[in-house]
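Q: Everything below, folded, please.
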Amino acid sequence: MLDLPRLVAHWSSHGIDLPSGATEEEIRQFESRHNVVLPADMRFYFQAVNGMGKRGVMDEDMFSFWRIQDVISVADELPDRTRDYPNTRCYFMFADHSISLPTYAIRLSSNATENTPVASVLSDFGAFGIGDLFASFTEFVTNYLADPYGRCQTIPEALVPATSVKPWWQFW
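A: Just a heads-up that it's a prediction; the model follows:
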C-alpha cells in the first residue's frame, strides 16, 4: 500500500509546498486523452497531492514528481530518440531526477488488470534507454523513500551491455 503520509511528510521536510490533489475530472481527462487507466495507487496519489507542483520543483535530493497535467508519454516527449521503440507510447513519464537523469515512466494501458511497471528512462547526449525497475508505482515510491540514491538511480541495461546495471553516475 502506498505510504502517502510518509511521502507528504518527506516532501514537507524538504520545504516543498504541495499543491492540492487533482480533481476526478482532471484524472478522467488524462485517461481519456491517452486511452489508459491509472492504477489505483497512482490515482490515489494524484487525487491527494498531484505531484510537487509545477514541473521543475524538486526535493533536496533533486527528485521531481510531476502533476498529472505534466505527465507525458516517452514517445511524445522524445520523438527523435524513440521511433525505433514502439512500446514507448505505453510508458508515461511522471518524475525525474536531476533534470531527467534519469526520468521515471509507468507503463499504462486501457486494460485495468495489466501490470504497470515503472521504468528508468535515460536520454542524454543522444543516448536512449528504457528498462523496467519496479513492479508498481508503490514499489517505486517505497524505494525512493528508503534510499533515493539506491535502486531508483539505476540506468537501463540497454545502455550498459554485458555488464550489471549500475547507478547512472557510475556510467560516465
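
Q: Skipping adjacent residues, who's closest to residue 39 in space?
A: residue 116 (4.5 Å; C-beta to C-beta, 6 or more residues apart in numbering). Placement of C-beta: from N, CA and C, glycine included.

Q: Pull up the gap between that neighbour and residue 78, please.
A: Going from residue 116 to residue 78 by C-beta to C-beta, to the nearest Å gives 20 Å.

Q: so where's the protein uncertain?
A: The chain contains residues with pLDDT under 70 at 125-126, 155-172.

Q: Mind jotting down where the helices sit in it?
A: For the chain, helices defined by DSSP state H occupy the ranges 4-13, 24-34, 40-48, 74-77, 79-82, 137-146.

Q: how about those in JSON lines, adding mean neighbour count and distance to residue 55?
A: Formatted as JSON lines, those follow (neighbours: other C-beta atoms under 10 Å; distance: least, C-beta to C-beta, whole Å):
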{"stretch": "helix 4-13", "mean neighbour count": "14", "distance to residue 55": "15"}
{"stretch": "helix 24-34", "mean neighbour count": "14", "distance to residue 55": "15"}
{"stretch": "helix 40-48", "mean neighbour count": "19", "distance to residue 55": "15"}
{"stretch": "helix 74-77", "mean neighbour count": "19", "distance to residue 55": "11"}
{"stretch": "helix 79-82", "mean neighbour count": "14", "distance to residue 55": "18"}
{"stretch": "helix 137-146", "mean neighbour count": "19", "distance to residue 55": "17"}
